[in-house]
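In: fold the following, please.
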Amino acid sequence: MNEFKFCPVCAAALIQRADQDATGKLRLACPEGHWTHWDNPLPVLAAVVEINGQILLARNAAWEEGMFALITGFMERGETPEQGIAREVKEETNLDTEQVMLIGVYEFIRKNELIIAYHVKASGTIQLSEELLEYRLLDPVALRPWRAGTGHAVADWMRTRGLEVEYVDRPLLVKPAPEMAVKP
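Out: Prediction:
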C-alpha cells in the first residue's frame, strides 16, 4: 500500500483528519486544506478469455508455480472498461478480442480494488507478455473458482452456462504439464 506523507500541492506533512459528514472517517489530509487522500478503490479489469471453446488462465511471473488465474489489468485514462479489457488481453496474450460481455462487478477489499469482469471471446495465436510465465487452456467444466476477487466472476460465468461450481481455496493450482505450458 502506498502511504502518502506530504501534500502534493504545498509539501506540508499530512495529518489525520475526520470527514465532516456523519461517518467521521479518518483520512490523510493537508493541514492547509489543499489535498485529501480519499484512498478509493482502484478499478481493475478481468477477463474470462475464451478461445476455441476453452478458457485461458495464466500464471503471473510473481506467483508460485502451479497458480493460474484470469487476465487482469488496470484501466487507463481515456478508455472505456471494454476498450481496456481488449487492450489488456492483447498486451498480455497477443489475442484479438472479438466479443466482450460483462459478467459483473466484484469487490476485492484486501487489495482495495473493484473488479469489473468480462467474458471475452478471442482469437489468434497466444504469445504471453513478459509479465506472464505460462498459461493453461481448460475446458469450462474443468474450472474451479477461488473464493476471492476474480474467482467469484468465474463462478458467475460458469453458472450462466449451467456448469456446476466447486470452489477451491486459492487460484487454480495445477501440476506442471509441459505440453500445455508455454513461455513467451
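
In: sheet partners, orientation included, of the helix or strand hosting residue 137?
Out: Per DSSP states H and E: residue 137 is located in strand 132-138. Sheet pairing here is set by DSSP bridges, and for strand 132-138 it gives strand 54-60 (antiparallel).

In: what average pLDDT does the strand it pairs with get?
Out: Average pLDDT, strand 54-60: 95.

In: I'd like the next helix or strand past that strand.
Out: Downstream of strand 54-60 (by DSSP H and E), the next one is strand 71-74.

In: which other helices and strands contact that following strand?
Out: Applying 3 or more CB pairs under 8 Å, 6 or more residues apart in numbering; DSSP states H and E, one finds that strand 71-74 contacts strand 42-51, helix 81-93. Just so you know, the C-beta spots here come from the backbone N, C-alpha and C atoms, and that holds for glycine as well.

In: cutoff 10 Å now
Out: Applying 3 or more CB pairs under 10 Å, 6 or more residues apart in numbering; DSSP states H and E, one finds that strand 71-74 contacts strand 42-51, strand 54-60, helix 81-93, strand 113-123.

In: what are the C-alpha coordinates of it, in CSV please?
Out: Only the C-alpha atoms of strand 71-74 are listed here, as CSV (Å, rounded to 0.1, in the frame of the first residue of the first chain):
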residue,chain,number,x,y,z
ILE,A,71,-6.1,-12.0,-17.3
THR,A,72,-6.3,-8.7,-15.4
GLY,A,73,-5.1,-5.2,-15.6
PHE,A,74,-5.8,-1.6,-14.7
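
In: circling back to that earlier point, now the angle from the strand holding residue 137 to helix 81-93?
Out: Between strand 132-138 and helix 81-93, the angle comes out at 110 degrees (axes from the mean of the first three to the mean of the last three CA atoms, to 10 degrees).

In: mind giving me the packing neighbours of whatever helix or strand comes next after strand 132-138?
Out: Next helix or strand after strand 132-138 toward the C-terminus (DSSP H and E): helix 150-160. Applying 3+ CB pairs under 10 Å, 6+ apart, one finds that helix 150-160 contacts strand 42-51, strand 54-60, strand 96-108, strand 113-123.

In: CSV for those strands, including distance to residue 9?
Out: Output for these, formatted as CSV (distance: least, CB to CB, whole Å):
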stretch, distance to residue 9
strand 42-51, 22
strand 54-60, 36
strand 96-108, 30
strand 113-123, 27
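
In: could you dump the ones you listed to JSON lines with mean neighbour count?
Out: Formatted as JSON lines, the helices and strands packed on helix 150-160 follow (neighbours: other CB atoms under 10 Å):
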{"stretch": "strand 42-51", "mean neighbour count": "22"}
{"stretch": "strand 54-60", "mean neighbour count": "21"}
{"stretch": "strand 96-108", "mean neighbour count": "15"}
{"stretch": "strand 113-123", "mean neighbour count": "21"}
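
In: so which of these is nearest residue 133?
Out: strand 54-60 (5.0 Å; CB to CB).

In: next, the angle strand 42-51 makes with that closest one.
Out: Using the same axes, to 10 degrees, strand 54-60 lies at 130 degrees relative to strand 42-51.
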